[in-house]
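# 3D, please:
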Amino acid sequence: METSINPNAKTAAISQSENGEFRRLAQIIVDAVEVEKIICFGSVCHHVVTKNCFGDLPAECNVKRNSYSLLVIPSANRPLAQSIVQRQVEEACAPVAEVTAIVHTMEEVNAALRCGSGFFTAVCSKGILIHDNGTSPFAAPDADAPVSKRSMRREEFWNKWHGLAQGFLQGAVFFHNNGLLRLAVYLLHQAVQHCYCGVLRVTVGYRTNAQNLNRLIRLIDTSAPNLSLAPPRHSAEDMRLAEVLCKGYSDARYRDSFEVSEEQVAGLITRVSQIVNTADRTCRLRLQQLKDGKAAPATE
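Below is the predicted model of the structure:
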C-alpha cells in the first residue's frame, strides 16, 4: 500500500481519480449546506495494489479511505453556527472519505489575509479550490508585517501553551499519586490538547481551541505530516490507552461507565510526557529556523 500526503495540494499533480473524488465531495457538501467556497489544503491518499499468485483480486479489497482537510466558507445567505456547518460537512462526506473541515466566514478569511495570516495565505494560494460560487473574491494578502515581530508572537504563544501543557501534566501526576484517576486522565487530555493547538500555531500559523484530539491530529497530519505526535497505536494496549486519552475531556469527568486503572494512567503519563517533550523540541527548532531565516517567514 502506498500513501501519498499532499499538504499543499495545488503544488502536486492531481490524478484523475483524485479530481473525481474532489468533484464528488464538493457536490456532497453543496447538497448538505450552502457554501461560498471549499478549498482542500491537505490530503492523505491511499493507493492500494493487491496481488497474489492466483489472479487479480477485486479493487475494493482492503482499500482504505482517503482523508482530506478542507476549508469550508459557508454562504452568507443562510448563516449557521460554524460548529453546525462543520458537523454537517463531515457527516455528509463520511461515506466517501474522512473529512476534517475547518469553517470560517468570508469576512474572517479576508480579514486574516489582510493581516498577513500565513495559514490562510498558504491555503488560499496553494490549496485546491474545489468549489466556488463566485460571489466573493479573496482579499489580497498582506506580507509587510515585520518577520521578527510575528516570530516573537509565535514564541510567546508557544511558551504559554507549552507551560500550560506541562502544568496539566504535573497535575495529572499529582492526581494519579493520590488515586484520583479520572481527574488525572482529564488533565492528560488537557496537556495533549494544549500541546497540539500550540504546535498548529507555531508550525502553520493556525489558531484553534478544538478539544477533539483525533481532529487535532488529523489537522497536524495533513498540514505538518512529519511531526509524528499522535499517541502510539502499535499494540492492543496502545489502542486502549489512546482511546482512554481521547475520552478524557468528557467521559472521564461525567460518564459513570468510564473506567481506568492506575497502571493505565501511569502508561498514559509516560506517553503524554513524550508527546509534550517532542512537540517542544520541534517547535523550538521551528522558531529558531524562523529567526535564522532558514524557514518560510512566520506570519499570523
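
# I figured Ala252 hits Arg182, correct?
Yes: in this structure, Ala252 is within contact of Arg182 by CB atoms under 8 Å, at 4.7 Å. All C-beta spots, glycine's among them, are computed from the backbone N, C-alpha and C.

# ok, those two, which is more surrounded?
It is Ala252, of Ala252 and Arg182, that has more neighbours when counted by other CB atoms under 10 Å, with 22 against 18.

# give me the element the more buried one is part of.
helix 251-254 (DSSP states H and E).

# can you give me the buried ones in that helix?
Residues of helix 251-254 classed as buried by neighbour count (16 or more other CB atoms under 10 Å): 251-252.

# could you shift the numbering so residue one becomes 72, and keep it that way?
Right, with 72 as the first residue, what we last looked at is helix 322-325.

# so which bits of the next helix or strand after it are buried?
Per DSSP H and E, the first helix or strand lying C-terminal to helix 322-325 is helix 333-363. Under the neighbour-count criterion of 16+ other CB under 10 Å, helix 333-363 has 335-336, 338-340, 342-344, 346-347, 350-351, 353-354, 357-358, 361 buried.

# and what of stretch 189-206?
Per 16+ other CB under 10 Å, stretch 189-206 contains these buried residues: 189-195, 198-203.

# of these, which belong to strands?
Of those, the ones assigned to strands by DSSP state E are 199-203.

# quick one: which of these is nearest to Leu235?
Checking these against Leu235 with CB to CB, the nearest one is Ile199 at 34.9 Å.

# local confidence estimate at the closest one?
In the prediction, the pLDDT value recorded for Ile199 is 94.

# go ahead and confirm Leu252 touches Leu339.
No: Leu252 lies out of contact with Leu339 (CB under 8 Å); the separation is 10.0 Å.

# quick one: residues contacting Tyr267.
284, 287-288, 291, 300, 350 (CB atoms under 8 Å, 6 or more residues apart in numbering).

# before we move on, the earlier item: report the two of the buried residues of stretch 189-206 separated the most.
Gly189 and His202 (23.6 Å).

# ok, Ser299 - how many residues close by?
12.

# how near is the closest residue to it other than its chain neighbours to Leu300?
Among residues not flanking Ser299 along the chain, Thr349 sits closest, at 7.5 Å (CB to CB, 6 or more residues apart in numbering). For Thr349, the distance to Leu300 equals 6 Å [CB to CB, to the nearest Å].

# try Thr176
30 Å.

# could you do Ser154 as well?
Distance from Ser154 to Leu300, by CB to CB: 25 Å.

# same deal with Glu334?
With CB to CB as the criterion, Glu334 and Leu300 are 24 Å apart.
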